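S.K.: Provide a 3D model corresponding to the input given below.
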Amino acid sequence: RDAELHDALDRERRAVASAAALREEKSTIEGRVASLTSEVSRLETKLERATEHSELMSERERNAEDRLDKALSLHARQLGARQRREGELERTVAELGAALVVAKGKVEGAMRAGYVDGGERSNGGRRRSKD
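M.R.: Modelled structure (predicted):
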């Protein structure tokens, strides 16, 4: 009987030691779970901030693109207006050039015909005398 009692006590000691080891392992695992849960929470917060920052940067990029599109559109309109004004100026210069050629031709024609000073005939550059 002593042997049976001794075996039972031995099994009980091993069971108690095993239970203590399991409680220690459980405590260690719970600590790791708590640590990992905290890490997950920290990473989720970091991800949320990164997502918000990314959305903010995307919004800023869209705004910058909109401003650039408006500036390009304005530039295109201004360039078109400038080209129209340059075309008008070129036409005006051409018209003035043509008018100058016509006027010069008339003056030269009048000079060849001998008319000077309002239509009086010239006497070779001499004045007529009024006797």
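
S.K.: from here on, contacts and neighbour counts on C-alpha atoms
M.R.: Will do.

S.K.: Show me where this protein dips below the pLDDT cut-off.
M.R.: Along the chain, the model assigns pLDDT under 70 to residues 115-131.

S.K.: All the strands of it, in order from the start?
M.R.: Secondary structure of the chain (DSSP state E): strands located at 115-116, 120-121.

S.K.: can you count the residues close to residue 105?
M.R.: When neighbours are counted by other Cα atoms under 10 Å, residue 105 registers 12.

S.K.: so what's it up against?
M.R.: By Cα atoms under 8 Å, 6 or more residues apart in numbering, residue 105 lies in contact with nothing.

S.K.: gap between it and residue 99?
M.R.: 10 Å (Cα to Cα, to the nearest Å).

S.K.: same deal with residue 22?
M.R.: The gap separating residue 22 from residue 99 is 112 Å, by Cα to Cα.

S.K.: With residue 55 instead?
M.R.: Computed with Cα to Cα, the distance linking residue 55 and residue 99 is 65 Å.

S.K.: Same question for residue 84.
M.R.: For residue 84, the distance to residue 99 equals 22 Å [Cα to Cα].

S.K.: Next: residue 108.
M.R.: Residue 108 is 14 Å from residue 99, by Cα to Cα.

S.K.: now do residue 28
M.R.: When Cα to Cα is the yardstick, residue 28 and residue 99 sit 104 Å from each other.

S.K.: Repeat that for residue 110.
M.R.: According to Cα to Cα, residue 110 and residue 99 sit 16 Å apart.

S.K.: Kindly report the same for residue 53.
M.R.: From residue 53 over to residue 99 the distance is 68 Å, taken as Cα to Cα.

S.K.: What about residue 110, how many residues nearby?
M.R.: Neighbour count for residue 110, taken as other Cα under 10 Å: 13.

S.K.: before we move on, what about residue 108?
M.R.: Residue 108 has 13 neighbouring residues, counting by other Cα under 10 Å.

S.K.: Repeat that for the one 3 residues further on.
M.R.: Around residue 111 sit 13 other residues, with neighbours defined as other Cα under 10 Å.

S.K.: which residues sit in contact with it?
M.R.: If you count contacts by Cα under 8 Å, 6+ apart, residue 111 has none.
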